[in-house]
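*Asks:* this one's structure only:
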């Protein structure tokens, strides 16, 4: 996010409304529940409707839990490891860019899961938490996005708004998984690939902004040169 997206409130940095909407759109894109529909259907095809609903609810709750824990503990963990937020912003941007490029080609993303993990998931009795919630939905890309955006402010209002974004993403995941068979029938593979490519383009743009901002913070001379 650019410096123009930060407001000074009582000595604390607060994101403006545009940035919270950008966070919501970015999280929806990186979580990309539409892209998980084929695997969700394949993994739950032989299970009763009640169990599929329970899997969807558990998965959405797990996504919200992972993102909420990241919001609270992400920055302290970085400090404990001696990693600055600007460096993490660049690293997270590179990871998200890789995911975005993969989504632009509608390919399976190894940053989310490997073929070995996908094959193993078919043998699990419960797939709501692993592999659906982690790492398919709330994987490294979503965690990176949450850390970068979540710690751009430190006021109570900021964390409440980010928490609302997390809740909105979890509800979207839940509704998407509950309606997965109907969505697959209506959109088909082509339609879902188109949505994935659009999300990939948006995700790549966010990644570029992450990297540019992180490099500007690491090397202030770049900002002086640009201006």
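*Replies:* That came through fine. Keep in mind that what you see is a predicted model, and the values were worked out from it rather than measured.

*Asks:* Could I get the full set of helices for this structure?
*Replies:* Counting by DSSP state H, the segments of the chain that form helices are 17-31, 33-44, 49-81, 85-104, 115-121, 140-150, 156-178, 180-218, 220-226.

*Asks:* Packed most tightly, which of these would that be?
*Replies:* Per-stretch averages of neighbours, counted by mean count of other C-beta atoms under 10 Å, single out helix 140-150 among those, with a mean of 24. No exception for glycine: its C-beta is placed from N, CA and C like everyone else's.

*Asks:* now what about that helix, what contacts it?
*Replies:* In this structure, residues lying in contact with helix 140-150 by C-beta atoms under 8 Å, 6 or more residues apart in numbering are 1, 15, 19, 23, 26-27, 30-31, 63, 66-67, 70-71, 74-75, 78, 85, 88-89, 91-92, 95-96, 99, 111-112, 159, 162, 166, 203, 206, 210.

*Asks:* how much space between the most centrally placed residue in the chain and residue 219?
*Replies:* For the chain, the residue nearest the mean C-alpha position is residue 142 (2.8 Å; C-alpha atoms, centre = their mean). Distance, residue 142 to residue 219, by C-beta to C-beta, to the nearest Å: 27 Å.

*Asks:* One more: residue 78?
*Replies:* 19 Å.

*Asks:* can you check residue 138 too?
*Replies:* Per C-beta to C-beta, residue 138 is found 31 Å from residue 219.

*Asks:* Settle it for me: which of these two has more neighbours?
*Replies:* Using other C-beta atoms under 10 Å, the more surrounded residue of residue 138 and residue 219 is residue 138, with 28 against 12.

*Asks:* No more questions from me, cheers.
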